[in-house]
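Student: Kindly generate the corresponding structure for this input.
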Amino acid sequence: MSEEKEINNIENTENTNEEAVSDNAPRKVVKKKMIVKSKNKENIKDLDLSAYGARRQARIYAVMSLYSYEINERKISINNILDFDYDKKIPENIFAFTRNLVEGTIKNLERIDSLIEKYSNNWDIKRIQYVDKSIIRMSIYSLIFLKDIPKSVVIDEAVEIAKIFSDKDSYKFVNGILDGIQEEDIQ
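Tutor: All right, here's what the predicted structure looks like:
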């Protein structure tokens with residue numbers, strides 16, 4: 001896990017295509033795209049959010065919000081980190097799940113961070129990259145408080161998001177911590 005990704009340096013672009021409908025009336029198809037850049041600008045990814053389901057999109061927005069909260073040294077309000085000024089077209093269901101994840105994670109940070117400390121063997125929480133920490137925190141919140149989502153789904157989603165935003169092998173670290181959490185810890 002070498003360098004921190006700049007999620008706060010995300011640009012939103014819209015790609016609009018016209019498609020003809022049977023009435024010859026044009027219909028706009030909007031794709032949400034984000035450009036994710038690393039500090040050294042070598043690893044630029046074009047992330048098409050429309051390729052993901054609503055829950056994954058919400059988790060991605062939540063990770064970006066938690067990352068912003070952390071890099072701003074927790075001195076920013078929840079409303080400010082949930083103000084996606086670059087993407088005003090977030091559907092209400094996605095925004096509601098994002099808000100739930102972010103608010104719940106922040107309100108339970110002490111408990112969540114103690115679990116990270118417990119399961120990140122010989123790895124101080126201060127040394128964990130902000131992106132990975134944000135993914136792990138959101139996922140631990142989901143494991144503890146969102147009982148309708150199976151543990152395997154939470155871990156799979158965390159791993160997939162880590163593959164998008166983190167370094168090459170970070171997903172293994174994320175998977176290891178989340179997989180190690182025992183049932184008694186999430187009761």
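
Student: By mean pLDDT, flag the weakest helix or strand of the chain.
Tutor: Of all the helices and strands that make up the chain, the one with the lowest confidence by mean pLDDT, DSSP states H and E is strand 5-20; it has a mean of 35.

Student: Contacts for stretch 122-142, please.
Tutor: Applying CB atoms under 8 Å, 6 or more residues apart in numbering, the external contacts of stretch 122-142 come out as 1, 3-5, 7, 59, 62-63, 66-67, 70-71, 101-102, 104-105, 108-109, 112-113, 115-117, 120, 149, 154-155, 157-158, 161-162, 165-167, 170, 173-174, 177-178, 181. (C-beta placed from N, C-alpha, C; glycine too.)

Student: Output the longest helix belonging to the protein.
Tutor: Ranked by residue count under DSSP state H, the longest helix found in the chain is helix 54-71.

Student: other SSEs contacting it?
Tutor: Secondary structure elements in contact with helix 54-71, counted by 3 or more CB pairs under 8 Å, 6 or more residues apart in numbering; DSSP states H and E, are strand 5-20, helix 78-81, helix 92-107, helix 130-145, helix 151-165.

Student: Could you list the residues in contact with the third one?
Tutor: Think helix 92-107. Here helix 92-107 makes contact (CB under 8 Å, 6+ apart) with 54-55, 57-59, 61-62, 65-66, 69, 78, 81-82, 90, 112, 137-138, 141-142, 145.

Student: can we see that at 7 Å?
Tutor: 54-55, 57-59, 61-62, 65-66, 69, 78, 81-82, 112, 137-138, 141, 145 (CB atoms under 7 Å, 6 or more residues apart in numbering).

Student: how close does the residue nearest the centre of the chain sit to I186?
Tutor: The centre of the chain sits closest to V63, judged by CA atoms, centre = their mean, with a distance of 2.6 Å. Relative to I186, V63 is positioned 20 Å away (CB to CB, to the nearest Å).

Student: Repeat that for M138.
Tutor: Per CB to CB, M138 is found 14 Å from I186.

Student: out of these two, which sits in the more crowded spot?
Tutor: Using other CB atoms under 10 Å, the more surrounded residue of M138 and I186 is M138, with 25 against 15.

Student: Quick check: the gap between that one and N108.
Tutor: The spacing between M138 and N108, counted by CB to CB, is 11 Å.

Student: circling back: give me the buried positions along the longest helix of the chain.
Tutor: In terms of neighbour count (16 or more other CB atoms under 10 Å), helix 54-71 has its buried residues at 55-71.

Student: same check, this time on stretch 93-111
Tutor: With burial defined by 16+ other CB under 10 Å, the residues of stretch 93-111 counted as buried are 94-95, 97-102, 104-106, 108-109.

Student: Fine by me, thanks again.
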